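Trainee: sharing a model that was predicted from the sequence below.
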Amino acid sequence: MIDILLNKYNINKKNISILLDNMLDKKIDFGDIYFQSKEQEIWVLENKIIKKGTYFFDEGVGIRAIKNTSTSFSYTNSIKLNNLNNSIDTVCKMLSNVKTGNIINKQVYLHSVNAYSSFNLIDDNYVEKKIYILNYIDNLARSQDYRVIDVQAVLTCEQEEILVGSTDSMVPASDARSLVYITIEIIVEQNNKREKGFHGGGGRFKINDFFKKKTNNEMLIDFWTKEAVRIALTTLSAKISPAGSFPVVLGPGWPGILFHEAVGHGLEGDFIRKKTSIFTKKIGQKVASNLCTIVDNGTLHGSRGSVNIDDEGTPGQYNILIKNGVLKSFLQDKLNAHVMYQKSTGNGRRESYAHLPMPRMTNTYLLSGSDNHLDIINSVDYGIYAVNFSGGQVDITSGNFVFSTSEAYLIKNGKIFHPLKGATLIGSGIEVMKSISMVGNNLQMASGLGNCGKNGQTVPVNVGQPTIKVDKMTISGTC
């Protein structure tokens, strides 16, 4: 399949090897060549009308050279051998005055050569199929409740092919990545009061799987649509959140975004190497409750953040970051791993051929414990049950975070009372992890809509967790 990707450019594997040898001859420590071809379709439904159907296509190549810890980079969408040679000359000359460090050692990942066919490609690319899906969502949502006054749905289909050649490996590695997902926003109205609910999902699978995969004995497309309606209707009756310090129960699935933001970013190798993370020099130390084991898993089948190979050609991996509360490892790309005398963990990711790779998360989640979901709720006399978040921010250096809930409930005497609005969670990632006293046996991944932004680049990710109890968190409300 490598040849198929390159044939239209009149380039073959031997050409790539010669280009890489040429880079090493110029006395650099490491170099790589990243080919990418990407197609994307976006279909938008609003107010019962297909408002937009767009198609995007881009392809190009990025060339990187590293000498010591200095990096030079060039990219082009004119993929010709002479252009690639000129780019190599340019990036290597930019490093001519940098002293040589240690050449990144050769690595052999023979199984990555076959990664190209592991994910199914997008099928059923007929316009009628996509219009049918959007109209299906609209009709189903409106049939749920008379208060539904508008439905907005966006269907996105992506197909990406990459090939990575690097000076530290024996053969180029390639991958074909499909990604399909739907976002659904429901507007409801009652007594001149309007609220909205948001849901959806997707992953690295086929469009037809929206109708085949089951959640709670329903088709995915049905479940996501009904959830969006339910959340909107629930918000209609929500009361203002109390403020103060209370026990907080975080529901399964999407609330795992808290660990992604407040913990995961701080474990990325570039922040560790630059000593700007709160987790710097904490390997082997206790950073969380004994109940916490957090992993980043690029091999999770069909999940939005999964990669057969990362964007440096390293196979996706299952990485244990924190085990029973003890910090075990960091997320690494090749450059930061090499400088820190470690190995890449398969987390070198980039938005496109026009961007440099960085250490990034894939699917990050907290493993299940032994507690029952209802037992966790019943253990709280007065507190908050947070089911979904709508946004937040975190300081990597301190680990402090602020997260706004989009669905939350008051807990009284071990029972869930009325829904809340305006609840904002404030705290420190490490302090929260140390305050976790119960971990559910119901690990759930988010539905597959997550994106991660870093240094101006966006990549698809996923998060997850079981239900957990945090003994005390600060809640910002209005009373």
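Mentor: Perfect, I can see it now. Since this is a predicted model, take the numbers as computed values, not measurements. Numbering: from 1, shown residues only.
Trainee: got the phi/psi numbers for the nearest residue to Glu46 once chain neighbours are set aside?
Mentor: Using C-beta to C-beta, 6 or more residues apart in numbering and skipping residues adjacent in sequence, the residue nearest Glu46 is Gln152, 4.9 Å away. For the C-beta atoms, the positions are set from N, CA and C on the backbone; glycine is no exception. Dihedral pair for Gln152: phi -120, psi 130, per degrees, to the nearest 10.
Trainee: any idea what Gln152 is bridged to?
Mentor: Glu46, Glu185 (DSSP bridges).
Trainee: my guess is it contacts Gly197. True?
Mentor: No: here Gln152 lies out of contact with Gly197, judged by C-beta atoms under 8 Å, at a distance of 11.0 Å.
Trainee: more crowded one of these two?
Mentor: The residue with more neighbours, out of Gln152 and Gly197, is Gly197; 24 against 21, by other C-beta atoms under 10 Å.
Trainee: tell me the contacts of the more buried one?
Mentor: Taking C-beta atoms under 8 Å, 6 or more residues apart in numbering as the criterion, Gly197 is in contact with 185-186, 188, 227-235.
Trainee: got it, and Arg230?
Mentor: Residues counted as contacts of Arg230 (C-beta under 8 Å, 6+ apart) are Gly197.
Trainee: so it belongs to a helix, correct?
Mentor: Yes: assessed by DSSP: H, G, I helix; E, B strand; the rest coil, Arg230 belongs to a helix.
Trainee: what about the contacts of Gly197, which one has the most neighbours?
Mentor: Ile186 (30 neighbours).
Trainee: wait, that one sits on Thr234?
Mentor: No: at 11.2 Å, Ile186 does not count as touching Thr234 under the criterion of C-beta under 8 Å.
Trainee: domain map for this structure?
Mentor: 2-236, 240-476 (automatic domain parsing).
Trainee: name the helix or strand of the protein that has the lowest mean pLDDT.
Mentor: When each helix and strand of the chain is scored by mean pLDDT, DSSP states H and E, strand 214-215 comes last, with a mean of 70.
Trainee: returning to that earlier point: out of the domains of the chain, deepest packed?
Mentor: Stretch with highest mean neighbour count among the domains of the chain: domain 240-476 (a mean of 21; mean count of other C-beta atoms under 10 Å).
Trainee: find residues that contact each of Gln152 and Gly197.
Mentor: Shared contacts of Gln152 and Gly197 (C-beta under 8 Å, 6+ apart): 185-186.
Trainee: poorly predicted segments of this structure, please.
Mentor: Applying pLDDT under 70 to the chain flags residues 1-3, 103, 105-125, 170, 215, 477-479.
Trainee: with just CA atoms, put stretch 51-69 into PDB.
Mentor: Backbone C-alpha positions of stretch 51-69 (Å, rounded to 0.1, in the frame of the first residue of the first chain) are rendered in PDB as follows:
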ATOM      1  CA  LYS A  51     -27.800  23.900   4.800                       C
ATOM      2  CA  LYS A  52     -24.300  22.900   3.700                       C
ATOM      3  CA  GLY A  53     -22.300  20.200   2.100                       C
ATOM      4  CA  THR A  54     -18.500  20.900   1.700                       C
ATOM      5  CA  TYR A  55     -15.600  18.900   0.500                       C
ATOM      6  CA  PHE A  56     -11.900  19.400   1.400                       C
ATOM      7  CA  PHE A  57      -8.800  17.900   0.000                       C
ATOM      8  CA  ASP A  58      -5.200  18.500   0.800                       C
ATOM      9  CA  GLU A  59      -1.900  16.700   0.400                       C
ATOM     10  CA  GLY A  60       1.700  17.500   1.000                       C
ATOM     11  CA  VAL A  61       5.000  16.600   2.700                       C
ATOM     12  CA  GLY A  62       6.800  17.900   5.700                       C
ATOM     13  CA  ILE A  63      10.600  17.500   6.100                       C
ATOM     14  CA  ARG A  64      12.300  17.800   9.500                       C
ATOM     15  CA  ALA A  65      15.900  17.800  10.600                       C
ATOM     16  CA  ILE A  66      17.200  17.700  14.100                       C
ATOM     17  CA  LYS A  67      20.700  18.500  15.400                       C
ATOM     18  CA  ASN A  68      21.300  18.300  19.100                       C
ATOM     19  CA  THR A  69      18.000  19.800  20.400                       C
END
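Trainee: quick one, what contacts Ser245?
Mentor: Contacts of Ser245 (C-beta under 8 Å, 6+ apart): 472-475.
Trainee: and the residues you listed, which two are furthest apart?
Mentor: Using C-beta to C-beta, the pair of the contacts of Ser245 lying farthest apart is Lys472 and Ile475, separated by 10.0 Å.
Trainee: give me the common contacts of the two.
Mentor: Contacts common to Lys472 and Ile475, judged by C-beta under 8 Å, 6+ apart, are 245-246, 248.
Trainee: just the helices in the stretch 201-350 of the chain please.
Mentor: Secondary structure of the stretch 201-350 of the chain (DSSP state H, counting those that start in this stretch): helices at 209-212, 220-236, 257-259, 269-273, 334-339.
Trainee: need those helices in a markdown table with distance to Asn15, can you?
Mentor: What follows is the helices of the stretch 201-350 of the chain, written out as a markdown table (distance: least, C-beta to C-beta, whole Å):
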| stretch | distance to Asn15 |
| --- | --- |
| helix 209-212 | 38 |
| helix 220-236 | 43 |
| helix 257-259 | 43 |
| helix 269-273 | 32 |
| helix 334-339 | 22 |
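Trainee: closest to Gly414 out of those helices?
Mentor: helix 220-236 (20.5 Å).
Trainee: how far does the closest one sit from its chain's centre?
Mentor: Distance of helix 220-236 from its chain centroid, counting by C-alpha atoms, centre = their mean, to the nearest Å, is 23 Å.
Trainee: circling back: out of the shared contacts of Lys472 and Ile475, which sit inside strands?
Mentor: Among the shared contacts of Lys472 and Ile475, the ones falling in strands (DSSP state E) are 245-246, 248.
Trainee: between those residues, which is closest to Met445?
Mentor: Nearest to Met445 among these, with distances taken as C-beta to C-beta, is Val248, at 20.9 Å.
Trainee: now name the helix or strand holding Glu41.
Mentor: If you go by DSSP states H and E, Glu41 is part of strand 30-46.
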